[in-house]
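A.B. asks: I'd like to go over a predicted model; first the sequence, then the structure.
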Amino acid sequence: MEIFNKFRERFDKNDDLEKASESHIEKLKAELNIIIPNQVKLFLTEYGNIYSPEILDLIVDNEIDLWDIQEFWTTERIIYDKQNEWTAQLSVDLIPFASDSMGNIFGFLTAELNEEKQSCSVHFFDHDFNTVEKIANSFSEWIDQYNRI
C-alpha cells in the first residue's frame, strides 16, 4: 500500500526490522480472540516493527498537534502487553500495536475486531491520565497524517 511504503521510506530507522509471519498473525488472532483488519495485517507482515524516532522532532519543531509514533510492536509484544502489562489493566478493552516516545499506547478497540474488515479506528491510551480517545477513523488515515507532515 502506497501510504505504508511512503511512511516506511521516510521514517523507519529500525536496523533489525521484524515482520510478522502468517503463523505470528494466527497466534495473535488465537491468543487475543480477534479478527485482524486487512490493513493492519498487511502492515504487520510487510512492514513490521518500524522504529520512527524522527517523527517527534518534526512534530515539536513544526508545532503540530499529533502524538508521535516511536515504534510499532511485534506480535509477541502485542500479546504480552495485552495479557500482562498496561493494556491488561485498562477498563477499555484495547489491543495495543504501537507506542509514542513517552510510553503511551496506540491501539484498536477489541469490540471492533470481531469481524472481517479492511480497517478500524485507532485509539490512543495516555498513561499519565489513564484515558483512551479515538484519534483516527482508520489505520491508513492515521498513518497518512504523518506522511503529510
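C.D. replies: That came through fine. All values derive from a computational prediction rather than experimental measurement.
A.B. asks: buried sites along the worst-scoring helix or strand of the chain on mean pLDDT?
C.D. replies: Least confident element among the helices and strands of the chain, by mean pLDDT, DSSP states H and E: helix 86-89 (a mean of 78). By neighbour count on 16 or more other Cβ atoms under 10 Å, the buried set for helix 86-89 is Trp86, Thr87. Any C-beta I mention is one placed from the backbone N, CA and C, and that applies to glycine too.
A.B. asks: Quick check: Ala20 touching Tyr47?
C.D. replies: No. Using Cβ atoms under 8 Å, Ala20 is not in contact with Tyr47, being 9.5 Å away.
A.B. asks: Between those two, which is the more surrounded one?
C.D. replies: Taking neighbours as other Cβ atoms under 10 Å, Ala20 and Tyr47 compare with Ala20 leading, 23 against 20.
A.B. asks: Now do Asp81: how many residues are near it, please.
C.D. replies: That count, for Asp81 with other Cβ under 10 Å as the rule, works out to 20.
A.B. asks: surely it meets Gln89?
C.D. replies: No. Asp81 lies out of contact with Gln89 (Cβ under 8 Å); the separation is 10.2 Å.
A.B. asks: circling back: mind listing residues that contact the least confident helix or strand of the chain?
C.D. replies: Residues from elsewhere that reach helix 86-89 (Cβ atoms under 8 Å, 6 or more residues apart in numbering): Asp81, Lys82, Leu94, Ile95, Pro96, Ile105, Gly107, Phe125, His127.
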